[in-house]
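Structure, please.
(one chain, ligands or ions: 2)
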Amino acid sequence: KPLALSGAHVVVTGGSSGIGKCIAIECYKQGAFITLVARNEVVLCISVDVSQDYGQVENVMKQAQEKLGPVDMLVNCAGTSLAGKFEDLEVSTFERLMSVNYLGSVYPSRAVITTMKERRVGRVVFVSSQAGQLGLFGYTAYSSSKFAIRGLAEALQMEVKPYNVYVTVAYPPDTDTPGFAKENQTKPLETRLISETTSVCKPEQVAKQIVKDAVQGNFNSSIGSDGYMLSSLTCGMAPVTSITEGLQQVVTMGLFRTIALFYLGSFDSIVRRCMTQKAKLETVDKTA
Ligand SMILES: NC(=O)C1=CN([C@@H]2O[C@H](COP(=O)(O)OP(=O)(O)OC[C@H]3O[C@@H](n4cnc5c(N)ncnc54)[C@H](OP(=O)(O)O)[C@@H]3O)[C@@H](O)[C@H]2O)C=CC1
Ligand SMILES: CCCCCCCCCCCCCCCC(=O)[C@@H](N)CO
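Ligands and ions are numbered 1, 2, ... in the order given. Presented below is the predicted three-dimensional model:
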């Protein structure tokens, strides 16, 4: 049964910018009471780093529940990205992305889940990425933190389903946000060229889709035809929301794997081309 957003209490982490901000606005439009959680302070916002200390996060959730009542829907959207070759990324970057993207989703969820189970009401939304469905050049640190979210979500969904609590994992493509602009400042050429396979989405559009899927209790939330293909192809042992979804996965699997092989071939050739290009430039530099 869909969750009625009118009068519901929705907590959005990462709600001060980009996709999270748009999700908050979308839920507000549908009549929900909103708590925003981020480090910077904006309207109606509680300031906390979601990845630092569990006690702090638990406190923030308590505060939010005292003000606006029990949380009906939690959207874990706080996250960050840094692209670079494996050998160029600092080890501390791996730790930071895992903290913010993975633990930053564990803490808020852990703080609200007991009440959701008791009330037999709730939605927990995780914002992964298309880069959480396949590993790409430049995303050794980012992709792993986004893959981790999927494992968490699958295990949690199996635990809480009998309590009428539903988990959604969203896999957005590149989306036009301040975070995306920042990521692009240091993105390797290979990563940029490969990512240009899919077009850049508007955050409002991504937010609308995520809210819709969360309200309906869909485990998977994706956007566009490549998003649809990726989700179908990588369904693995993910929970299935409807018979139609399951049938579609079964029927399309072979076809989508075939298409994927062509994409993989083109990604490898992009990487190879960039490598020979760089080698050429280096010999030119040396002879000059
Ligand atoms: N834009 C894109 O191309 C895509 C983004 N995504 C994912 O969507 C989510 C949102 O991305 P986007 O809108 O681009 O990001 P932005 O960088 O625009 O916004 C990130 C939000 O997260 C908050 N945040 C970051 N770190 C922390 C922290 N440690 N504690 C609390 N809040 C934090 C920021 O607030 P503050 O700085 O105030 O703390 C801000 O509100 C991320 O998880 C990202 O990985 C997925 C696919 C594509
Ligand atoms: C049948 C198979 C179809 C295959 C299509 C494959 C397309 C792959 C493109 C992946 C782009 C990566 C987006 C990462 C966005 C992100 O999370 C960052 N921008 C965050 O800032």
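
List the buried residues of the least confident helix or strand in the chain by mean pLDDT.
Least confident helix or strand, the chain: strand 45-47 with a mean of 77, by mean pLDDT, DSSP states H and E. By 16 or more other C-beta atoms under 10 Å, the buried positions in strand 45-47 come out as 45-46. Where you see a C-beta, it was placed from the backbone N, CA and C, and this is true even at glycine.

Pull the residues that contact that strand.
Identification of contacts with strand 45-47 by C-beta atoms under 8 Å, 6 or more residues apart in numbering yields 15-16, 35-41, 60, 63-64.

Name the residues of the stretch 1-150 of the chain found near ligand 1, please.
13-20, 38-40, 49-51, 77-81, 100, 104, 127, 129 (C-beta under 6 Å from any ligand atom).

From the residues you listed, list the buried ones, please.
Judged by 16+ other C-beta under 10 Å, buried ones among those: 13-20, 38, 49-51, 77-81, 100, 104, 127, 129.

hang on, the earlier thing: so which of the contacts of strand 45-47 belong to helices?
The helices, defined by DSSP state H, take in 60, 63-64 from the contacts of strand 45-47.

Among those residues, which one has the most neighbours?
residue 64 (24 neighbours; other C-beta atoms under 10 Å).

Now that residue: closest residue in space that isn't a chain neighbour?
residue 35 (4.2 Å; C-beta to C-beta, 6 or more residues apart in numbering).

Count residues in the vicinity of the one you found, would you?
Residues within reach of residue 35, counting by other C-beta under 10 Å, total 24.

got the buried residues for stretch 191-200?
Of the residues in stretch 191-200, those buried (16+ other C-beta under 10 Å) are 191-195, 198.

what residues are up against residue 206?
Per C-beta under 8 Å, 6+ apart, neighbours of residue 206: 19, 22, 170, 172, 175, 223.

Only whichever of those are buried, select them in PyMOL.
Of the contacts of residue 206, the buried ones can be selected in PyMOL as follows, counting by 16+ other C-beta under 10 Å:
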select buried, resi 19+22+170+172+175+223
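
hang on, the earlier thing: could you double-check that the residue nearest to residue 64 sits in contact with residue 8?
No: at 11.5 Å, residue 35 and residue 8 do not qualify as touching, with contact defined as C-beta atoms under 8 Å.

what mean pLDDT would you report for stretch 145-160?
For stretch 145-160, mean pLDDT rounds to 98.
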